[in-house]
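Trainee: Quick one: sequence and predicted model below, then my questions.
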There are 4 protein chains.
Amino acid sequence: MCGVVGIYDKGNINAANGAYYGLVALQHRGQESAGIAINNDGIITCYKDMGFVNEVFDDKILGLLKGDMAIGHVRYSTSGANFAANAQPIVIKYKNGSLAISHNGNLVNADLLRNQLEDQGLFFSTTTDTEVIAALIARNYKGDIIEAIKKTLKTIKGSYALTILTDNKLIGIRDGYGFRPLVLGKLENGYALASESCALDTLGAQFLRDVKPGEIIMIDKDGVKCFETEDIVPKKVCLFEYIYFARPDSIIDGISMYKARENAGRILAVEQPAIADTVVSVPDSGTPASIGYASESGIPYSIGLIKNRYVGRTFIQPTQSMRELGVKLKLNPLKENIKGKKVVMVDDSIVRGTTSRKIVQALRDAGAKEVHVRVSSPPVIGPCCYGINTPTREELIGARKTVESIREYIGADSLGYLSIEGLLTAVGSKGEGFCSACFNGDYPL
Amino acid sequence: MCGVVGIYDKGNINAANGAYYGLVALQHRGQESAGIAINNDGIITCYKDMGFVNEVFDDKILGLLKGDMAIGHVRYSTSGANFAANAQPIVIKYKNGSLAISHNGNLVNADLLRNQLEDQGLFFSTTTDTEVIAALIARNYKGDIIEAIKKTLKTIKGSYALTILTDNKLIGIRDGYGFRPLVLGKLENGYALASESCALDTLGAQFLRDVKPGEIIMIDKDGVKCFETEDIVPKKVCLFEYIYFARPDSIIDGISMYKARENAGRILAVEQPAIADTVVSVPDSGTPASIGYASESGIPYSIGLIKNRYVGRTFIQPTQSMRELGVKLKLNPLKENIKGKKVVMVDDSIVRGTTSRKIVQALRDAGAKEVHVRVSSPPVIGPCCYGINTPTREELIGARKTVESIREYIGADSLGYLSIEGLLTAVGSKGEGFCSACFNGDYPL
Amino acid sequence: MCGVVGIYDKGNINAANGAYYGLVALQHRGQESAGIAINNDGIITCYKDMGFVNEVFDDKILGLLKGDMAIGHVRYSTSGANFAANAQPIVIKYKNGSLAISHNGNLVNADLLRNQLEDQGLFFSTTTDTEVIAALIARNYKGDIIEAIKKTLKTIKGSYALTILTDNKLIGIRDGYGFRPLVLGKLENGYALASESCALDTLGAQFLRDVKPGEIIMIDKDGVKCFETEDIVPKKVCLFEYIYFARPDSIIDGISMYKARENAGRILAVEQPAIADTVVSVPDSGTPASIGYASESGIPYSIGLIKNRYVGRTFIQPTQSMRELGVKLKLNPLKENIKGKKVVMVDDSIVRGTTSRKIVQALRDAGAKEVHVRVSSPPVIGPCCYGINTPTREELIGARKTVESIREYIGADSLGYLSIEGLLTAVGSKGEGFCSACFNGDYPL
Amino acid sequence: MCGVVGIYDKGNINAANGAYYGLVALQHRGQESAGIAINNDGIITCYKDMGFVNEVFDDKILGLLKGDMAIGHVRYSTSGANFAANAQPIVIKYKNGSLAISHNGNLVNADLLRNQLEDQGLFFSTTTDTEVIAALIARNYKGDIIEAIKKTLKTIKGSYALTILTDNKLIGIRDGYGFRPLVLGKLENGYALASESCALDTLGAQFLRDVKPGEIIMIDKDGVKCFETEDIVPKKVCLFEYIYFARPDSIIDGISMYKARENAGRILAVEQPAIADTVVSVPDSGTPASIGYASESGIPYSIGLIKNRYVGRTFIQPTQSMRELGVKLKLNPLKENIKGKKVVMVDDSIVRGTTSRKIVQALRDAGAKEVHVRVSSPPVIGPCCYGINTPTREELIGARKTVESIREYIGADSLGYLSIEGLLTAVGSKGEGFCSACFNGDYPL
């Protein structure tokens, strides 16, 4: 998971500020590294480092990044071995200029393409798919950047939402399946691109529309031009954006994340009813579905777990002697709403099952009479190949165990998942338009 | 506002860890500075600095703080002029040993006492009330620490919840009015004191009971002993702890913060009804009251504002050209739930009115048809003398304007405050036991 | 060892800058902590922390320290256990105002005085002698600060060079023996005090004269006034200032540090001649004496050891497998000047002997035919009670071994120390005026 | 100017430590950025950042860099605009593996080569010459790395001392002119390469020999193999290494830096005599020549300027009101040795003249009767194209002014430079073997 932004703000040499605010709004999509590339009259400069957006950038560094076109990137934590080498945006200099690229997604044929390019004598400075894309665009360039991009897109397979900075253009691209979101907004004197509409709100742009799957948006001094890639494939938007990843105040392809989650909760209440005194959420991501579940079921919604907002990445781990504190440092049950009650605990998904198990135990310690776990998505049975950092199949509890044995493992009195059909209904689909590979193994590529 | 903890964990030389986790849980009570004093076989060492608990302490520093008795402190941001000089705990060395003190509260006669002590030839290293308390205890000590404390408490006037470390004891004290909370918990081999019960949960202690107003708790190798100060005064617990300050998962004097706030919302719905489509909260502090308001009124509760969890202290402020972003960096309206609707927006209090004004505007920008602001506490008309960092009377909008002109200022369609009676009912009171000075000018001292 | 400065620069609200530059020039006297206290219209503010002067202070912090009177302090590394608690200046608030004190030296009756004050009901926030001095001045104050100081000086025994800030005065004091240096300089609109004259050069003041032993210098809006303490004691200036501590470009009591060291080298050449091809120095402190030795003996001076200027406090220590690197990381022999030669290696002193041993070995590894060690001071046989952080008697190789067995330990072909008489001659003395306690056990107090 | 190291230490997975110590010894060659690439069983990982070696690396980071082959790099401060993007080593991944390269020097045909490569479809991630070299080696690779390197070296023109890490080899290369130095040393179980011999001393390797101009040294599990590039060109070692850059304890091409500088001072004394009382050095780089000058002229050498060892990169600049402090913060005259004397001030070179002017003034302020400036190298009349970061011709005072008008500008009583012949004699040359382009415009390429 990553987040991308792009800013074309004619005449505003502080376009990096817009990128900064956009990245802050997209911080939930990646906390490992952050970077901004800026175009100052054709000269592209890039600053990136490990850390949160507000750790990587300060007034002084933003002040050095002058230019009216910018792209930015936040990256999800992957392996730490390579230090900052794989942080984005990726910048390359080639015969016809420079390119900076921010990429959210994952190519399934990156190794093959990399090998082909290396066979042609190319070399790479990173191990990212993004550099492969940059290399292909540079090689395919024969005087028309859109042609170069179109030719490149025919070669690469996988998921990608891209923002690209050339010597005089900002370009946004979304793959033909539309796995990853990308939206277009209007600035007073220009345009903005971002992974989610919430970033447009934050950086002060007006939402115009989603970039369409298979669409190339080109922004320069002459305004916006749109191009379509030739091959038409069925739309396959990632369902996990709707379940968990995107911010609830974002709207992707016309669907509100909040509403989709609330709907999922409502349908879950119908599919997986429970007899209980209260519905509580695992904050923050489970809250919209909890509210939907409560509303549909008529069981009162209440706050059952308090999240410590100050517990972040750098906290010292409890020592051996405090091991049992476990989940309580981050989530503390609100006894008043739990004690003596039959509780429906709604979460958005179960991945490994370890956290759910600790929370169920914490609720029981707080006096819950019964704990009924309801999950607003189906069991995850396979890894994602399109840009989400899921654990291996072995670690996915949904791939290894039946619902009953998961229930037993997490210690719940009952356990109910939303069906795929229910989920599709929640997002307004009639069974198509979405990638459900991780739920049913139906991989689009 | 500050938070205090105390740990007596016999034989565990890492008692500082318990203090650390307790302070993490109390971080909401003070973000300016953090400190821990540790007693290692009678030698008291203290480490404190400006910053969040996890910025001030790391593994290395905690590793240097060896000892089985500890106290800790987090301080709310006051004036920055004095750098770290006024951070707590305060440690003094006197004739009969050492004292470390953490203090939540405010003495109203501190200047007088300080002058008297200076007249007697004493000098001070800080400008804190806490050092005055330490000086008095040291001067009053004639071989019995409890006698010295009792004598001291007769002299000092104001609010105080204290944790004190002597050469061989941990002591907790709550002033006779009980303005500030303090709770006692049980560790496997000892005891813990903390401003709020949520800290006991986090550091792994079992809640035993509140320290009573006017009670002195002494913990040493022989266990716990309790003493009462002689003068009996009416209990005057701070209402703002219930409205806003304390964490919702804390229980103070037998009352759940969450429940008090939910009750306040319910009573508010009766006192200040509204005709609307949805009830939304100003997160996070307004949420329990919103849920209560929605439940009582029958108007559906929904999430109307999304808080960016990554926006904290160190964020770069929007530049001139982005000024209008204002509140959106932190709070973004969830259009789906707002657009075209009559909205009840519930907040816990209005202090200056400036933030409320921006949020109302943001809701209108998001398409709200009407915005009815409901506040789950009465108008604040006076500053606090007992430890809460309120603005001056001139800045308090409730002290300067009528409800109608506040409504006009913040741009709401209607505005309704909870009555004092309603608030007292919400916290389970029959009109007594609480300090309501900031709402009605009835200052206890 | 510590360094102190004081600035009275009428109308210049950036007097802290002068203190900063002065402390930078005195950094060699203390690298553990640094601090500056500033007087802004009677309000004294202090900022201090662990670290080098340029680590503790930056533009932002200096910018906050506004006022035209300042004192500063750098402290030598002592025990790390107390964190920043003992950093100086020490600031106290008492009945008649505030006092900030910077102290270089050591009281021999501090514990006694502290106990007496504690018996009178006083308490302390640090374990420093300096706070004891502050407390005594505060207690002795009856309307005349000079009287209070005079009375205090009658009570305290030991070494002290002090700079003091009161509500409207800057005061400098040197103890009656004059153990520690203190000089007075002229600013365009005021005066400056500093441990060494090099600090006056650096902060832009003109050297006026040494503060005399037993003198109190008071600087305020009316100019400079001088007072003498009543008791006349023989002058006992610390010889180690001349041998090693003070910077070679400083002049103390009319004697140039450089010249004293060069003289010591000359006399050493007479007292302890050697037949050799070259004289080399242990940089940087041994260089002036080496030049003197070479000049007097006629043996050519050359550079024999190159010091890595980038190796400082924070360097990673060589791992086990690189242990043998030892001294080479800091000092590398210059083979060209060593190989095949009989070498006189001149150092200013030998304390534990471990470093000398390593350097002798490094010179032999570089091909020295013979290594004759000459030391420009006598063997150190006792610890210092007056402010120098010498090791215990057990660690002092001069206290435990004969010259012959020291020679054997360090692996030199011959070893010769300067005599006390020679050292006194080098500093221009006829046998009096200096403290030689660490060389002959003749402790003045 | 840069410094490079290479370590092949069979079976020692902490080879990065050796690189670290080597870089510390070479810190004088570059303070802007530092980096180490490590080969762990064929996997190359690189860590690099802006800052001093001990700022970039700490125990934790070195601990992550596991492998028994390493190269390292320190870079001189050039333009700050590109942030860390151009820090070295450069690592690329190509068809046949990976390459890491550290480069000291400058290619004169880099732009041409880059354009040619870009015409062939290649792209670049940095603007360094080093990446061009890496690209050429990768493209020329047909199964034999030495052939690929030989072919590459035929193409590139300019100065280069390189250390290269391949999947299983450490390679060192010095250009045919030998502009930049490179030495080979022996470790217990391997070999080390470094820009200067002082780095071998520091990292614990035994000096074996210089890498010869035009030589390729290949180190792998089978030991060391040496190759020669085909084209034989006259040796043109950079004279500035001998005058200023290299550490005095380094030996390059059989000549001791110290001895060369001392010789230069001796010859300078003959060419440019002076009637004076003392010879003083501008520390540290002017010291060996000063000693030579003093020795040859018979005028006594003394220390005339004391350098503050604590004044480094991060010091706060004197404010407006302290502007006159100027040079004194770093260099303070030692009045004792200056006052009333005719002084010969020896420096290694004059570049812009501004610093010399300030020092002459400081010496006069200290009471010098006359100041005779002697420079142990000829006037610099042209910029360097081979890796030294000289100012533009306009800024070079030697290119714009006559010796007499330089004398006038710097305010000296007399000024004398060493002749080119004198300098060549000092380094043991009979007129050939050295690059003197910056002194006489005779550019080898």
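Mentor: That came through fine. Residues are numbered from 1 along each chain as shown, chains lettered A, B, ... in the order given.

Trainee: who does A:G105 bridge with?
Mentor: Going by DSSP bridges, A:G105 is paired in beta bridges with A:Y160.

Trainee: That one touches A:G178, doesn't it?
Mentor: No: between A:G105 and A:G178 there is no contact, the gap being 10.7 Å when judged by CB atoms under 8 Å. (Each C-beta comes from the backbone N, C-alpha and C, glycine too.)

Trainee: Neighbour count: these two, which is higher?
Mentor: When neighbours are counted by other CB atoms under 10 Å in any protein chain shown, A:G105 and A:G178 differ, and A:G178 comes out ahead with 27 against 24.

Trainee: dump the residue contacts of the more buried one.
Mentor: A:K212, A:P213, A:G214, A:K235, A:K236, A:V237, A:D253 (CB atoms under 8 Å, 6 or more residues apart in numbering or on different chains).

Trainee: Which residue is the nearest non-sequential neighbour of A:G431?
Mentor: Leaving aside its chain neighbours, A:G431 sits nearest to A:L424 (5.8 Å; criterion: CB to CB, 6 or more residues apart in numbering or on different chains).

Trainee: secondary structure element for the one you found?
Mentor: helix A:420-426 (DSSP states H and E).

Trainee: got the contact list for that helix?
Mentor: Contacts to helix A:420-426, defined as CB under 8 Å, 6+ apart, come from residues A:239, A:242-243, A:260-261, A:263-264, A:266-268, A:271, A:376-378, A:418, A:430-431, A:434, A:436, A:439-440.

Trainee: rewinding a little: okay, the residue nearest to A:G431 and chain C: tell me how far apart.
Mentor: Using CB to the nearest CB, to the nearest Å, A:L424 is found at 56 Å from chain C.

Trainee: about what we covered before: in PyMOL, select just the buried ones from the contacts of helix A:420-426.
Mentor: To isolate the buried ones among these in PyMOL, judged by 16 or more other CB atoms under 10 Å in any protein chain shown, type:
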select buried, chain A and resi 239+242+243+260+261+263+264+266+267+268+376+377+378+418+434+436+439
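
Trainee: in the stretch 1-150 of chain A, what spans have low per-residue confidence?
Mentor: Scanning the stretch 1-150 of chain A for pLDDT under 70 picks out A:77-83.

Trainee: So which residues of it form helices?
Mentor: In the stretch 1-150 of chain A, the helices defined using DSSP state H, counting those that start in this stretch lie at A:15-25, A:53-56, A:59-64, A:110-119, A:129-140, A:145-155.

Trainee: So which of these has the densest surroundings on average?
Mentor: Of all the helices of the stretch 1-150 of chain A, helix A:15-25 carries the top mean neighbour count, a mean of 30, counting by mean count of other CB atoms under 10 Å in any protein chain shown.

Trainee: Cross the contacts of A:G178 against strands and list the overlap.
Mentor: Here DSSP state E is the test, and the contacts of A:G178 give A:V237 as lying in strands.

Trainee: Pick out whichever of the contacts of A:G178 sits closest to chain D.
Mentor: Closest approach between the contacts of A:G178 and chain D, by CB to the nearest CB: A:G214, at 25.7 Å.

Trainee: Surely the closest one is in contact with A:K236?
Mentor: No: counting by CB under 8 Å, A:G214 does not reach A:K236; the two are 11.3 Å apart.

Trainee: what's the span of stretch A:5-21, first residue to last?
Mentor: 10 Å (CA to CA, to the nearest Å).

Trainee: close to chain D, is it?
Mentor: No: with CB under 8 Å from any CB of the partner chain as the criterion, chain D is not reached by stretch A:5-21; the gap is at least 13.0 Å.

Trainee: and that stretch, how far out from the chain's middle?
Mentor: Remark: stretch A:5-21 is offset 22 Å from the chain centroid, using CA atoms, centre = their mean, to the nearest Å.

Trainee: ok, back up a step: mind giving me JSON lines with the contacts of A:G178 and columns for pLDDT?
Mentor: Shown next, in JSON lines, are the contacts of A:G178 (pLDDT from 0 to 100):
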{"residue": "A:K212", "pLDDT": "95"}
{"residue": "A:P213", "pLDDT": "95"}
{"residue": "A:G214", "pLDDT": "95"}
{"residue": "A:K235", "pLDDT": "93"}
{"residue": "A:K236", "pLDDT": "94"}
{"residue": "A:V237", "pLDDT": "94"}
{"residue": "A:D253", "pLDDT": "90"}
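
Trainee: which one among the contacts of A:G178 gets closest to C:G97?
Mentor: Minimum distance to C:G97 across these is 70.8 Å, recorded for A:D253 (CB to CB).

Trainee: Near that closest one, how many other residues are there?
Mentor: 20.

Trainee: residue contacts, it?
Mentor: Neighbour list for A:D253: A:G178, A:P181, A:D210, A:V237 [criterion: CB under 8 Å, 6+ apart].

Trainee: Report the beta-bridge partners for the third one.
Mentor: What that stands for is A:D210. According to DSSP bridges, beta-bridge pairing links A:D210 with A:V183.

Trainee: What distance do you get for it to chain B?
Mentor: In this view, A:D210 and chain B are 15 Å apart by CB to the nearest CB.

Trainee: what does the second one give?
Mentor: Taking CB to the nearest CB as the criterion, A:P181 is separated from chain B by 16 Å.

Trainee: which outside residues touch the longest helix seen in chain A?
Mentor: Criterion DSSP state H: the longest helix present in chain A is helix A:257-271. Applying CB under 8 Å, 6+ apart, the contact partners of helix A:257-271 are A:241-243, A:246-251, A:288-297, A:346, A:348, A:374-377, A:416, A:418-419, A:422-423, A:425-428, B:302-303, B:334, B:336-337.

Trainee: So which of those are in helices?
Mentor: By the criterion of DSSP H, membership of these in helices covers A:288-297, A:422-423, A:425-426, B:336-337.

Trainee: most surrounded residue in the residues you listed?
Mentor: Highest neighbour count within the ones in helices among the contacts of helix A:257-271, by other CB under 10 Å: A:A289, with 33 neighbours.

Trainee: Read off the pLDDT value for A:P383.
Mentor: Here the pLDDT value assigned to A:P383 is 88.

Trainee: correct me, but it touches A:G441?
Mentor: No: if you go by CB under 8 Å, A:P383 and A:G441 don't touch, sitting 10.4 Å apart.

Trainee: quick revisit: mind putting the helices of the stretch 1-150 of chain A into JSON lines with distance to D:K221?
Mentor: Converted to JSON lines, the helices of the stretch 1-150 of chain A look like this (distance: least, CB to CB, whole Å):
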{"stretch": "helix A:15-25", "distance to D:K221": "47"}
{"stretch": "helix A:53-56", "distance to D:K221": "41"}
{"stretch": "helix A:59-64", "distance to D:K221": "45"}
{"stretch": "helix A:110-119", "distance to D:K221": "26"}
{"stretch": "helix A:129-140", "distance to D:K221": "32"}
{"stretch": "helix A:145-155", "distance to D:K221": "40"}
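
Trainee: can you tell which of these is closest to D:N189?
Mentor: D:N189 lies closest, by CB to CB, to one member of those: helix A:110-119, at 33.5 Å.

Trainee: What is that closest one packed up against?
Mentor: Contact partners of helix A:110-119 among helices and strands, from 3 or more CB pairs under 8 Å, 6 or more residues apart in numbering or on different chains; DSSP states H and E: strand A:123-124, helix A:129-140.

Trainee: which non-adjacent residue is nearest the residue in the stretch 1-150 of chain A that chain B sits nearest to?
Mentor: Nearest to chain B, among the residues of the stretch 1-150 of chain A, is A:Q27, at 4.2 Å (CB to the nearest CB). Leaving aside its sequence neighbours, A:Q27 sits nearest to B:Y310 (CB to CB, 6+ apart; 4.2 Å).

Trainee: got the contact list for that neighbour?
Mentor: Counting by CB under 8 Å, 6+ apart, B:Y310 makes contact with A:V24, A:Q27, A:H28, A:F52, A:V53, A:N54.

Trainee: Cool, thanks, talk later.
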